[in-house]
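Asks: quick one: sequence and predicted model below, then my questions.
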Amino acid sequence: MKSMKPQTSDISHTDVCIVGAGPGGALLSYLLNRKGISTLLIERQPHLHKSFRGELLNADGEAILNKHGLYSHIQEQGVLPLEEIQYWEEGNILHTINPDADKGEHHVGVHVPQDHLLQAITSQTEALSPLHQVRFSTIMTGLLRDKSGHVAGINVRQNGVPASIQASVVIGADGRYSAVRKHAGLVPEIRKHGYDLLWARIPAPPGWEPAVRMASMDGQQLALFSQYGGYVQIGWNIPEGGYTQLRKQPFAPFVGKLVSAFPCLADSVAAHIKDWSDFVLLSVESSYSSRWADDNVVLIGDAAHTMTPTGAFGLNAALEDADVLSELLIQMAEDHFGSTDVLQQLQAIRGSKVQQQLARQLQMESSFQQRYESFR
Ligand SMILES: Cc1cc2nc3c(=O)[nH]c(=O)nc-3n(C[C@H](O)[C@H](O)[C@H](O)COP(=O)(O)OP(=O)(O)OC[C@H]3O[C@@H](n4cnc5c(N)ncnc54)[C@H](O)[C@@H]3O)c2cc1C
């Protein structure tokens, strides 16, 4: 039987089409809807649930969410302020870093489950603009171009069916493997950091106070983050590309190192980390696109600059980008999207801070062992 070519099922029109309902895309959609700008947010997943994503909010991210009246809605869903950063050795605390009261700090970061962040922002967007909804299960597959080659929107597969969305501006908020970036020819410079990361999430021991706990394991960072809901997330740095070799070793001695660093985790580890499949491997890299915008296409968040988990900058940087870009898009809307030059300003405004954070991550990663030893 001859196969049928799938038909384009639907053409939508919007002023701004945002690809990716992560923190950057969701916040931008809220800020534009608040100004009555026609906006469509598409997301390839069928829901907002994410596991193993950036969930530590820093003061910059918290300030933006407060500025736009969103933080209290996120708090209602549930957040966990972390009280201190502890450096551990062989089951004892070597050194503690407390919030800087002189700077008005009450915590060293806030754990915000990404579900709570995204649900709160999207439900506030719907409250402003009841017709707004995230278009789920919709994957951006390419850019729609007019006869002159100018970007006129995007092509998608929506529940597997090809469709087109016409838009005056396309935003790539689609994360570290951005399809928008690829189709717009905005090439990132990728940097490896010499380590990969094993993640696991287990119930926290009873009475475990909310904190970040660090240990040095075979010269690599082993970090525990208290999480809302009574969990602890484990982030264990291993040598880059070393996981295949690691898995050839017996599992019990490996996980035993975790328990020797944090003996109070013994019961929870025994019950929840039984073999290698209880860890998730994250291949660590950072990237920076030399250009964040081309004509009427612009990138934000991880699509423009992927960060490593060190220092918990990525989520917060995506929120900052969305905040700045919303102002630029509001200017463009006043001009009926006549000129796209204003989009170049995003990188001019945000680029240097992002590059400082990328440099800071490298510095924190290379000095971890030295910093740790200074506490002995
Ligand atoms: C394991 C891990 C831990 C981290 N820890 C922290 C932390 O503690 N603090 C911190 O600040 N940062 C952290 N980060 C970084 C943080 O998660 C990211 O920087 C942040 O999520 C970036 O937000 P974003 O909106 O740019 O992109 P993302 O959160 O990546 O969202 C992109 C969205 O686009 C969707 N998408 C992708 N492609 C398409 C497509 N073709 N069509 C439609 N939709 C698409 C994806 O499904 C996704 O929902 C961590 C990252 C990882 C991987």
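Replies: Noted; the coordinates are in hand.
Asks: the longest strand along the chain pairs with which strands, and in what direction?
Replies: Using DSSP state E to assign secondary structure, the strand with the most residues in the chain is strand 161-172. For strand 161-172, sheet partners with direction are given as strand 11-19 (parallel), strand 151-158 (antiparallel), strand 297-299 (parallel), following DSSP bridges.
Asks: show me what counts as buried in it.
Replies: The neighbour-count criterion (16 or more other C-beta atoms under 10 Å) identifies 162-172 as the buried residues of strand 161-172. For the C-beta atoms, the positions are set from N, CA and C on the backbone; glycine is no exception.
Asks: what about the residue of the stretch 51-200 of the chain found nearest the ligand, which SS state?
Replies: Using C-beta to the nearest ligand atom, the single residue of the stretch 51-200 of the chain nearest to the ligand is Gly54, 2.2 Å away. When classified by DSSP: H, G, I helix; E, B strand; the rest coil, Gly54 comes out as coil.
Asks: number of nearby residues for Ala223?
Replies: The tally of other residues near Ala223 (other C-beta atoms under 10 Å) stands at 18.
Asks: my guess is it meets Arg213, correct?
Replies: Yes - using C-beta atoms under 8 Å, Ala223 makes contact with Arg213 at a distance of 7.1 Å.
Asks: what does the stretch 251-376 of the chain put close to the ligand?
Replies: Where the stretch 251-376 of the chain comes near the ligand, counting by C-beta under 6 Å from any ligand atom, the residues are 282, 301-303, 307, 309, 312-316, 318.
Asks: quick revisit: what's the burial count for the residue of the stretch 51-200 of the chain closest to the ligand?
Replies: Residue crowding around Gly54 was assessed by other C-beta under 10 Å; the count is 23.
Asks: please, where are all the helices along the stretch 151-300 of the chain?
Replies: 179-184, 243-247, 251-261, 266-272 (DSSP state H, counting those that start in this stretch).
Asks: hey, which of the ones you listed is tucked in deepest?
Replies: A comparison of these by mean neighbour count, using mean count of other C-beta atoms under 10 Å, puts helix 179-184 on top with a mean of 22.
Asks: roughly how far does Phe251 sit from Ala204?
Replies: From Phe251 over to Ala204 the distance is 22 Å, taken as C-beta to C-beta, to the nearest Å.
Asks: follow-up on the earlier one: how about the helices of the stretch 151-300 of the chain in CSV, adding mean pLDDT and distance to Glu89?
Replies: Formatted as CSV, the entries for the helices of the stretch 151-300 of the chain read as follows, by pLDDT from 0 to 100; distance: least, C-beta to C-beta, whole Å:
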stretch, mean pLDDT, distance to Glu89
helix 179-184, 98, 42
helix 243-247, 95, 23
helix 251-261, 96, 8
helix 266-272, 97, 17
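Asks: turn these into CSV, including distance to Gly153.
Replies: Supplementary listing: the helices of the stretch 151-300 of the chain in CSV, determined by distance: least, C-beta to C-beta, whole Å:
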stretch, distance to Gly153
helix 179-184, 12
helix 243-247, 40
helix 251-261, 49
helix 266-272, 46
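Asks: closest to Ala293 out of those helices?
Replies: Ala293 lies closest to helix 179-184 among the helices of the stretch 151-300 of the chain, at 8.7 Å (C-beta to C-beta).
Asks: what about the stretch 1-150 of the chain, any weak spots by pLDDT?
Replies: Regions of the stretch 1-150 of the chain meeting the criterion pLDDT under 70 cover residues 1-11, 51-52.
Asks: near the ligand, which residues of it?
Replies: 19-25, 42-45, 52-56, 139-140.
Asks: okay, how far is it across stretch 265-279, tip to tip?
Replies: Between the opening and closing residues of stretch 265-279 lies a distance of 16 Å (C-alpha to C-alpha, to the nearest Å).
Asks: now do that stretch: distance to the chain's middle.
Replies: Its chain's C-alpha centre lies 26 Å from the corresponding centre of stretch 265-279 when counted by C-alpha atoms, centre = their mean, to the nearest Å.
Asks: just the buried residues from the residues of the stretch 1-150 of the chain next to the ligand, in PyMOL please.
Replies: Applying 16+ other C-beta under 10 Å to these, the buried members can be selected in PyMOL as follows:
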select buried, resi 19+20+21+22+23+24+25+42+43+44+53+54+55+56+139+140
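Asks: re the thing from before, can I get the strands paired with strand 161-172 in TSV including distance to Arg291?
Replies: Below are those laid out as TSV (distance: least, C-beta to C-beta, whole Å):
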stretch	distance to Arg291
strand 11-19	17
strand 151-158	14
strand 297-299	9
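Asks: which of these sits most buried?
Replies: Ranked by mean neighbour count under mean count of other C-beta under 10 Å, the strands paired with strand 161-172 are led by strand 297-299, which reaches a mean of 28.
Asks: domains of the chain?
Replies: Listed domain ranges for the chain are 11-64+113-191+285-369, 194-282 (source: automatic domain parsing).
Asks: tell me which of those sits most buried.
Replies: Between the domains of the chain, the one whose residues have the most neighbours on average, counting mean count of other C-beta under 10 Å, is domain 11-64+113-191+285-369 (a mean of 20).
Asks: residues in contact with Leu186?
Replies: Contacts of Leu186 were listed using C-beta atoms under 8 Å, 6 or more residues apart in numbering, and they are 172, 289, 291-294, 297, 299.
Asks: one more time with 7 Å, if that's ok
Replies: Going by C-beta atoms under 7 Å, 6 or more residues apart in numbering, Leu186 touches 289, 291, 294, 299.
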